[in-house]
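K.L.:
what would the 3D arrangement of this be:
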Amino acid sequence: MEWSDSWRGAFRIELRAEAVNLAWHGWPVLPGTYPAGERWAGRDGVEDSGPVPVHHDWQERIGTKAEQVATWWAGHSYSILLATGHGVDAVEVGADLGRRAAVELRAAGIPVPIVATPEGRWMFLVASGGTPITDPDVTHYGQGEYVPLPPSPGQVGVVHWRVKPQICAWHLPHVDVVREALLQAADHTSDYGLVAADRS
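P.N.:
Residues are numbered from 1 along each chain as shown. Now for the predicted structure:
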């Protein structure tokens, strides 16, 4: 996906506004590298296939106030990264399993913020703590890790919300809520027998 300079400048305003809003709600956000042609820009000496923190000391910047966060996006179209393990964790699955789990959560009347990436991955945002989900079909991001948040740009599209955090009034569920939804979703298809094994 090509990002023109004029479009990138306009998009930076949206990125900055969202980063400030997330920080204002206490979410630990950080600036990340962004696509520039076939490479990722924003941090010297970094060759990567996706966004990484711009600052080498990013872990020391976790919890920065919204006012300071706003200055990080003043001149660049940085991706928005969420430092997991500091109030918010992320549970990542493939889009198919993610859709099925989202249906289970909706049927149970439990709103959970859900992020979708252009690469076909879904991330359920949960409160930090609890026993991480360990399964070949699931990636649990916690302490010392990070994930991209909307509207971060990617090489083939933009990270977007499937369910915005406003829907659950910014209250995150315990990881067990998502674990159970994934198990229920796995029970409805033979493709995810490994997830069901987590029930034991």
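K.L.:
can you give me the strands in the chain?
P.N.:
29-32, 34-36, 39-41, 79-83, 88-94, 114-116, 121-127, 139-141, 146-149, 160-163 (DSSP state E).
K.L.:
what's the offset of the third one from the middle of its chain?
P.N.:
In terms of C-alpha atoms, centre = their mean, to the nearest Å, the centre of strand 39-41 is set 19 Å apart from its chain centre.
K.L.:
which elements pack onto that strand?
P.N.:
Counting contacts by 3 or more C-beta pairs under 8 Å, 6 or more residues apart in numbering; DSSP states H and E, strand 39-41 packs against strand 34-36. No exception for glycine: its C-beta is placed from N, CA and C like everyone else's.
K.L.:
give me the contacts around the strand it packs on.
P.N.:
1, 3, 40-42, 51, 76-79, 152-155 (C-beta atoms under 8 Å, 6 or more residues apart in numbering).
K.L.:
please convert the buried members of those into PyMOL selection syntax.
P.N.:
The buried residues among the contacts of strand 34-36 can be selected in PyMOL (16 or more other C-beta atoms under 10 Å) with this line:
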select buried, resi 3+40+41+42+51+76+77+78+79+152+153+154
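K.L.:
shaky segments in this protein?
P.N.:
Scanning the chain for pLDDT under 70 picks out the ranges 1-10, 45-49, 188-200.
K.L.:
make it 90
P.N.:
1-13, 34-50, 74-77, 130, 133-134, 136-137, 153-157, 186-200 (pLDDT under 90).
K.L.:
that one: helices as residue ranges?
P.N.:
5-24, 66-72, 95-107, 175-187, 193-196 (DSSP state H).
K.L.:
mean neighbour count, these: which tops it?
P.N.:
helix 175-187 (a mean of 21; mean count of other C-beta atoms under 10 Å).
K.L.:
helices or strands up against that helix?
P.N.:
Checking 3+ C-beta pairs under 8 Å, 6+ apart, helix 175-187 ends up next to strand 88-94, helix 95-107, strand 121-127, helix 193-196.
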